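**Q** please find the sequence and the predicted model below.
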Amino acid sequence: MKRVLVANRGEIALRIIRACHEEGLEAVAVHSSADRASAHVRAADRAIGIGGAAAADSYLVIDRLIAAARESGADAVHPGYGFLAERAAFAEAVERAGLIWVGPPPAAIRAMGDKTEARRRMAAAGVPIVPGADAPVQDGGTARELAAQIGYPVMVKAAAGGGGKGMRIVHRADELDAALATAASEALKAFGDASVYLEKFIERPRHVEIQVLADAERTVHLGERECSIQRRHQKLVEEAPSVAVTPELREWMGAAAVAAAQAVDYRGAGTCEFLLANDHAFYFLEMNTRIQVEHPVTELVYGVDLVREQLRIAQGLPMRVADGWLNPRGWSIECRITSEDPTVGFLPSTGHIEHLRIPSGPGVRWDSGIDIGDEVTLYYDSMLAKLIVWAPTREQAIGRMARALDELAIVGVATNQAFHRRLMADDAFRRGDIDIQFLDRRADLVNPAPSADTTRRLAIAAALAEDEARRTRRPTIANGDGDQSQWARAARVESLR
Ligand code: MV4
């Protein structure tokens, strides 16, 4: 392997290019028409345009990516995350073109992509899954029997699903029929498949995932990431390790994740998602067959460069991870900085990055694909950057993140920076008292009402600004006499803009 085509954009493309260079590999960037001057394009050894700004016209077009690899003489393709990363058909097209796929075997992607098949295979491999039945519900009567067996509350889930679509919680038998109907119609709309199945509803769980790494010889786990701080299935903060995971539980969950990977002949980096219940029972949800956004927190507590190891494993080389017991060292937290405006319900915000002050100093890492002058559009994901810290303890990591957030300045687009600052200062978060519904309960953190003091300050600021504007505004004189120069007229018009 000499030259890697990076089939992605933004921070992850840059992250992969950096890993290629450290591994002594050349990196080829691809870009849409909107990304011609992006950081990932400038960092690569070569860049190839692959189409229009919309992802459907560029980053999602398999044939253009394969053609770009051929044209540039690349011998491998790294998909990053999102876009085509978990499309088995893309992995197969890469391999058919005689290129190395930097990812798991297509069959492993396929096996984990079908949620009910994954459930069956995991159960067979001894991986704990949520109690329930993976056979789709056939009729209301048998569904009621099954739900009674499982015990309420139960959850109706789309068989073809994922991402929370086609999901319904049912607390009593008399709600079941309606939930089945709405979940099925939602599933049909979202996935083109109306089949749904039943699971025990796990109340107030944490979302804890285990990183695995597999080469031809070994499959190891690199502990957990705590990902409970999420809103509408979008993670906002991740940390490693998790306050809820003891060394013993880590070994149990790690062993389950390794078994899951081995059951599908996994290779490379992958992640098993679990629900971790209050009673410390854990249940496999799904496996992500790619490098994930939040991989850096694992890198910082395990001292492993996951992307470099992906590149090695893809070449058939052994991973550089010590055998046996691996332990996390210290604490790492990641905040996803997005161009979402909390004052308008977290709608994506657009504009130009007019000013950017990047945090740095001890224990601070900034993974980003944006620079001053870049335009933030609606074409792609709203994540601008990941701010990641490491410190010896969780308390110090939170303090360090608060300091780094104070240093950060992004001018030109609205961001969720203030949310992260509030979270780092929050008592419940600092105690580690979190679960997947944490932000649903905490509107005060997500979108706080301005305090009376803030409102007063804003009113004073507005009054001063208006007063200043009235003082400096020159009178508008509709000058019909023609005795005035065009320059003076233009200046007056300009001062009124
Ligand atoms: C659950 C659950 C509670 N009980 N299953 C949401 C997305 C999908 N991948 C699985 N999901 C859930 N399944 C049972 N039996 C709660 C969720 C869930 C969730 C899981 C992980 C991360 C965030 C979540 C947010 C809401 C619900």
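**A** Yep, it's here.
**Q** so for Leu188, what's the nearest residue that isn't a sequence neighbour?
**A** Nearest-residue entry for Leu188: Ala194, 4.0 Å, with adjacent residues in sequence omitted and distances by CB to CB, 6 or more residues apart in numbering. Where you see a C-beta, it was placed from the backbone N, CA and C, and this is true even at glycine.
**Q** thought that neighbour was touching Glu186?
**A** No. If you go by CB atoms under 8 Å, Ala194 and Glu186 don't touch, sitting 9.0 Å apart.
**Q** for the residue nearest to Leu188, phi and psi?
**A** phi -90, psi 0 (degrees, to the nearest 10).
**Q** could you check how far it is from Ala147?
**A** Between Ala194 and Ala147 the distance is 19 Å, computed by CB to CB, to the nearest Å.
**Q** out of these two, which sits in the busier spot?
**A** Ala147 (26 against 18; other CB atoms under 10 Å).
**Q** residues contacting that one?
**A** By CB atoms under 8 Å, 6 or more residues apart in numbering, the residues touching Ala147 are 154, 170, 173, 176, 198.
**Q** again, only this time at 10 Å
**A** Residues in contact with Ala147 (CB atoms under 10 Å, 6 or more residues apart in numbering) are 132-133, 137, 153-156, 170, 172-173, 175-176, 179-180, 198, 200.
**Q** may I see the buried residues of the helix or strand encompassing it?
**A** Following DSSP states H and E, one finds Ala147 within helix 140-150. In terms of neighbour count (16 or more other CB atoms under 10 Å), helix 140-150 has its buried residues at 143-144, 146-147, 150.
**Q** stretch 178-196 too?
**A** 179-180, 183-184, 186-188, 190-191, 194-196.
**Q** which two from these end up farthest apart in space?
**A** Using CB to CB, these span at most 17.2 Å, a distance reached by Ala179 and Phe191.
**Q** near the ligand, from the buried residues of helix 140-150?
**A** By CB under 6 Å from any ligand atom, no member of the buried residues of helix 140-150 lies near the ligand.
**Q** from Arg9, how far off is the residue of the stretch 1-150 of the chain found nearest the ligand?
**A** Residue of the stretch 1-150 of the chain nearest the ligand, by CB to the nearest ligand atom: Val130 (4.3 Å). Distance of Val130 to Arg9, given as CB to CB: 35 Å.
**Q** so the two - more neighbours on which side?
**A** Applying other CB under 10 Å to Val130 and Arg9 shows that Arg9 carries more neighbours, namely 28 against 22.
**Q** quick one: name whatever helix or strand follows the longest helix anywhere in the chain.
**A** In the chain, taking DSSP state H as the definition, the longest helix is helix 452-472. For helix 452-472, the following helix or strand on the C-terminal side (DSSP H and E) is helix 486-495.
**Q** now the spatially most central residue of the chain, nearest residue through space, not along the chain?
**A** The centroid of the chain falls nearest to Val293 when counting by CA atoms, centre = their mean (4.6 Å). Once flanking residues are discounted, Val293 sits nearest to Tyr81: 6.1 Å by CB to CB, 6+ apart.
**Q** close enough to count as contact, that neighbour and Asn288?
**A** Yes. With contact defined as CB atoms under 10 Å, Tyr81 and Asn288 form a contacting pair (8.3 Å).
**Q** around the ligand, which positions in the stretch 101-250 of the chain sit nearby?
**A** So the stretch 101-250 of the chain meets the ligand at 130, 155, 162-164, 199-202, 207, 230, 233 (CB under 6 Å from any ligand atom).
**Q** 5 Å - rerun?
**A** Within the stretch 101-250 of the chain, the positions lying close to the ligand (CB under 5 Å from any ligand atom) are 130, 155, 164, 199, 201-202, 207.
**Q** and the longest strand along the chain, what does it pack onto?
**A** Longest strand of the chain, by residue count under DSSP state E: strand 219-231. Helices and strands touching strand 219-231, by 3 or more CB pairs under 10 Å, 6 or more residues apart in numbering; DSSP states H and E, are strand 206-214, strand 234-240, helix 247-263, strand 268-276, helix 295-302, strand 331-338, helix 417-425, helix 438-441.
**Q** one more time with 8 Å
**A** Counting contacts by 3 or more CB pairs under 8 Å, 6 or more residues apart in numbering; DSSP states H and E, strand 219-231 is packed against strand 206-214, strand 234-240, helix 247-263, helix 295-302, helix 438-441.
**Q** can you redo those as JSON lines with distance to Gly51?
**A** Formatted as JSON lines, these follow (distance: least, CB to CB, whole Å):
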{"stretch": "strand 206-214", "distance to Gly51": "33"}
{"stretch": "strand 234-240", "distance to Gly51": "27"}
{"stretch": "helix 247-263", "distance to Gly51": "35"}
{"stretch": "helix 295-302", "distance to Gly51": "28"}
{"stretch": "helix 438-441", "distance to Gly51": "37"}
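**Q** adding mean neighbour count, write those out as TSV.
**A** Conversion of the helices and strands packed on strand 219-231 to TSV gives the following (neighbours: other CB atoms under 10 Å):
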stretch	mean neighbour count
strand 206-214	25
strand 234-240	23
helix 247-263	19
helix 295-302	25
helix 438-441	16
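**Q** the helix or strand of the chain with the lowest mean pLDDT vs helix 452-472, what angle?
**A** Ranked by mean pLDDT, DSSP states H and E, the helix or strand of the chain with the weakest confidence is helix 486-495, at a mean of 78. Angle of helix 486-495 versus helix 452-472, following axes from the mean of the first three to the mean of the last three CA atoms, to 10 degrees, is 170 degrees.
**Q** tell me which residues of helix 486-495 are tucked away?
**A** Using 16+ other CB under 10 Å as the test for burial, helix 486-495 gives Arg492.
**Q** now it - C-alpha only, PDB.
**A** Presented in PDB, the C-alpha positions along helix 486-495 are these (Å, rounded to 0.1, in the frame of the first residue of the first chain):
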ATOM      1  CA  GLN A 486     -22.200  62.400  -6.200                       C
ATOM      2  CA  TRP A 487     -19.400  61.500  -3.700                       C
ATOM      3  CA  ALA A 488     -21.100  63.200  -0.800                       C
ATOM      4  CA  ARG A 489     -24.400  61.600  -1.800                       C
ATOM      5  CA  ALA A 490     -22.800  58.100  -2.000                       C
ATOM      6  CA  ALA A 491     -21.200  58.500   1.400                       C
ATOM      7  CA  ARG A 492     -24.500  59.500   3.000                       C
ATOM      8  CA  VAL A 493     -26.300  56.500   1.500                       C
ATOM      9  CA  GLU A 494     -23.400  54.300   2.700                       C
ATOM     10  CA  SER A 495     -23.600  55.600   6.200                       C
END
